[in-house]
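>>> Sequence plus the predicted model coming up.
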Amino acid sequence: MGKNNQIDLVEFPASSPDELKAVSEFFTSVFGWQFKQWDETYFDTHDSGIAAGVNASTTKEQTAPLTVIYADDLEMTQNKVIKAGGKITHPITAFPGGRRFAFTDPAGNQLAVWSDK
């Protein structure tokens, strides 16, 4: 699992399950990365340097890769994001293996924080 307050994952958006499959096949063909399929909308790999995922459940506004940071205490980190001027764009939600929320920083960069707790 990730280390507290460190970048743990880069997530590439896909617009559909078919595109998700095509993107993961592309990275496998070019770089040899092997993906694990969690459900019809999410694949990830741990042999790409840092963990990487392909997500077809993101909103259509998500067009750039998403940087995901690991946190031991998700609620505390969310409160710190808000106090520092970040804007929560997706509240804490559960997924297979953990929970996460998304936010924008003061420059509008979209990031997410996840925890397995």
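Noted; the coordinates are in hand. Residues are numbered from 1 along each chain as shown.
>>> Going by neighbour count, list what's buried in the longest helix along the chain.
For the chain, the longest helix by residue count, based on DSSP state H, is helix 17-31. Using 16 or more other C-beta atoms under 10 Å as the test for burial, helix 17-31 gives 20, 21, 23, 24, 27. For glycine as for every other residue, the C-beta is placed from the backbone atoms N, C-alpha and C.
>>> again with stretch 94-105
Result for stretch 94-105 [16+ other C-beta under 10 Å]: buried residues 100, 101, 102, 103.
>>> Can you show me the CA trace of that stretch as CSV?
Output in CSV follows, covering the C-alpha atoms of stretch 94-105 (Å, rounded to 0.1, in the frame of the first residue of the first chain):
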residue,chain,number,x,y,z
ALA,A,94,-15.9,3.6,-1.4
PHE,A,95,-14.4,1.4,-4.2
PRO,A,96,-13.0,-2.2,-4.1
GLY,A,97,-10.0,-1.9,-1.8
GLY,A,98,-10.6,1.4,-0.1
ARG,A,99,-12.1,4.9,-0.3
ARG,A,100,-11.2,8.2,-1.9
PHE,A,101,-12.2,11.8,-2.7
ALA,A,102,-11.2,14.2,-5.4
PHE,A,103,-10.4,17.9,-5.2
THR,A,104,-9.0,20.8,-7.1
ASP,A,105,-6.0,22.8,-5.8
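>>> List of residues touching it?
38-39, 42, 66, 68, 74, 78, 81, 86-93, 110-117 (C-beta atoms under 8 Å, 6 or more residues apart in numbering).
>>> ditto for stretch 32-45
9, 17, 20, 24, 27-28, 47-48, 51-57, 95-97.
>>> what's the closest of the buried residues of stretch 94-105 to residue 62?
Set against residue 62, the nearest of those by C-beta to C-beta is residue 102 (8.8 Å).
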